[in-house]
Each structure stands twice: as structure tokens, then as C-alpha cells.
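Quick one, fold the following:
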Amino acid sequence: MDKIKLGRTDEKIPKIGIGTWKMPADSKEAEVAIKFAIHHGMDFVDTAEIYANETMVGRAIRGEKTFIATKVPPHKFRYEDVLKACDASLKKLGVKQIDLYQLHWPNHSIPISETMKAMEELKKAGKIRYIGVSNFDVAELENAQAALKNDEIVSNQIEYSILVREVEKDMLGYARENKITIIAYSPLARASLFSPKYKELMALLSRIGHQHGKSAVQVALNWVLRDGNTIAIPKATSIAHVEENCGAAGWSLSAVELAEVNDFLLGIRKRPISSIFTKMLKHNGLWSKVASKISK
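Numbering: from 1, shown residues only. Okay, here's the model as predicted:
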């Protein structure tokens, strides 16, 4: 599996990891898929407290060499709450240290300086290795970085796929210039790619993939990786899906093929569902508190 550097660090992580959003907490099939992914070079495993599956993920990674990432929900951005949330995640994951600890969403009702002070304390204590964010825009990312005294934000996990491309407006360029790794979640557009609405796009991806001995899904994932500063974390709950996702790395689309895909995409603009509610989601973290209770 090809790897890229994480932020400005010397840490190298696989271009294709495994996301666990919506993986059931009691799924044995998911555990098997995660272990299989790790053994095939996809050893970057991403979860979150709000997914309510950290214990399952912990079982899957037990005894394995992994790069484990999780997230603190925005309703726990107060200093003491961040510290407690991290301890709880460490326990559920069954690890002594979290490789990448991320702020799950911005929470404009709590000073980012308070939250980042806690993140730096966790890093100083050796409970986390790197600090990341998720769903932050450029201004929010700059404010979060400015609030750190001794550390740097290494990554921003954000929705990005061949259909959901808002990140291209300014975040991709900003992240590349500032050496902040983009972690693309829902890189298959929450399965929208398989809708009859996009059958012509899938036909194009299939045709291009045929030239490389690849599937349309592998082409779509490879397209997300094309800038060299982005990794993708598709969900995979079966060995077959893991194998397909794994095959999205290790090769590149040609300039001609990229141009053909991009020309086709000029007529497609699909906003992420969350973008409709972005301002509300970022206003405070109450929604995540509710979501946490529902997901248990």
C-alpha cells in the first residue's frame, strides 16, 4: 500500500485507510474486515466516540500494528471534558495511546483556545501522538492552529468524493500549501455513485478502469487521491470491499483520463447533505450530545 507523510511529520500513513462510520458496534463481520484491511496495508483505522463503535474497533485492532484515529465530539470541547473523553476512548479502544485525536466538528460556543489547551495537554501526557480536526473550514482551521502553543494540526478530515467537491474551493490548496493532510471521508459519496442518476458517470469510470484492470469504484477512489496530499477512508464491512478499496492505490490515472473525468464533472455539482445544516451544526455541540445518546 502506498503511503504519504502525515502533515509536516515523518509519520507515513496509507493512502487508503478504513473508515468505521455506521459500522455496527456488535458486528463480527466488521471486525474481520478491519483485521483483513490491516493485514493488507490499510492499517490506518478511523473511528469516533459518536460512532459508538470504539469498543468493536478496539477488538479488531487488538494485537495488530495500526495507526488508530478517533474523535472527541463537539459537546465535549470544554477542557476537562476533552481530557475525560480521551481517557474513555483509550479504554474502549484498549490502547495506551491514540495516534490521531481529532475535533469532530467545530463548536463556536466554546473558545477554541480552551479546547486546544486540552489537546496539547493530552499530547504532553503521551495519551495522543498527533492533533487533527474534522469538518473545519479554512478560517476555523487557522483559528485552531493559532490557539496551539507548541504543536501543529496535522490533518483535516472532511467529506470529499468525485461528487462532493466543496473542499476544492479553497481547502485543498490551503492544506497543500500548509502541509496539512486531507482525510477524505465518504469518498464514494455515501453510495450515491451507485444511484441510477449517475449511471453515465459510472459508465465512464468503468471504461477508464478497464484500461487499468480496475473497477469504477477503484477509479473513483484513485481520483480522490490524485493531488498527493489526500488519503481516503472508505467504509468496508466485507473482505471483498476491503480488497476492492485496497486496489485503488498503487497506480495513477493519466492526465488525459483525469481531464476526461473532470470535463464530465463540470455538469455535476452535488452538495454534501451536511452542508445544508453546517451553520447550525457548528453553532454549538448540542446536536452531537443527542446523536451520542441515539447511537448507543
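
which residues touch the closest residue to residue 161 other than its chain neighbours?
In space, and not counting its chain neighbours, residue 161 is closest to residue 189: 4.1 Å by Cβ to Cβ, 6 or more residues apart in numbering. For glycine as for every other residue, the C-beta is placed from the backbone atoms N, C-alpha and C. Contacts for residue 189 (Cβ atoms under 8 Å, 6 or more residues apart in numbering) come out as 161, 162, 163, 164, 270.

how about 6 Å then?
161, 163, 164 (Cβ atoms under 6 Å, 6 or more residues apart in numbering).

now the second one: how far from residue 92?
Residue 163 is 33 Å from residue 92, where distance means Cβ to Cβ, to the nearest Å.

So between those two, which is more surrounded?
Higher neighbour count among residue 163 and residue 92: residue 163, with 23 against 18, using other Cβ atoms under 10 Å.

Pull out the buried residues from the helix or strand of the chain with the lowest mean pLDDT.
Least confident element among the helices and strands of the chain, by mean pLDDT, DSSP states H and E: helix 278-283 (a mean of 76). By neighbour count on 16 or more other Cβ atoms under 10 Å, the buried set for helix 278-283 is 278, 281, 282.

Give me the distance between the residue nearest to residue 161 and residue 29.
Counting by Cβ to Cβ, the gap from residue 189 to residue 29 is 23 Å.

for residue 187, same thing?
21 Å.

who's more crowded, the two?
More crowded of residue 187 and residue 29, by other Cβ under 10 Å: residue 187, with 30 against 12.

Dig out what the residue lying closest to the more buried one once chain neighbours are set aside forms beta bridges with.
Leaving out its chain neighbours, the residue that sits closest to residue 187 by Cβ to Cβ, 6+ apart is residue 232, at 4.0 Å. With DSSP bridges applied, residue 232 shows beta-bridge pairing to residue 16, residue 184.

what residues are up against residue 232?
If you count contacts by Cβ under 6 Å, 6+ apart, residue 232 has them with 16, 184, 187, 221, 224.

Kindly provide the distance from the first one to residue 245.
In other words, residue 16. Here the criterion is Cβ to Cβ. By it, residue 16 lies 6 Å from residue 245.

Just want to know which of these two has more residues nearby.
residue 16 (31 against 26).

Give me the common contacts of residue 16 and residue 245.
Jointly contacting residue 16 and residue 245 under the rule Cβ under 6 Å, 6+ apart is no residue at all.

Do a quick rundown of the strands in the stretch 1-150 of the chain.
3-5, 12-14, 18-19, 44-46, 67-72, 98-103, 128-134 (DSSP state E, counting those that start in this stretch).

What average pLDDT does the longest one get?
Here the mean pLDDT over strand 128-134 is 98, rounded to a whole number.

Output it as CSV - backbone C-alpha positions only.
C-alpha atoms of strand 128-134 as CSV (Å, rounded to 0.1, in the frame of the first residue of the first chain):
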residue,chain,number,x,y,z
ILE,A,128,-2.2,11.2,21.9
ARG,A,129,0.5,11.5,19.3
TYR,A,130,-1.0,14.0,16.8
ILE,A,131,-3.7,16.6,16.8
GLY,A,132,-6.2,16.8,13.9
VAL,A,133,-9.6,18.4,13.1
SER,A,134,-12.6,17.4,11.1
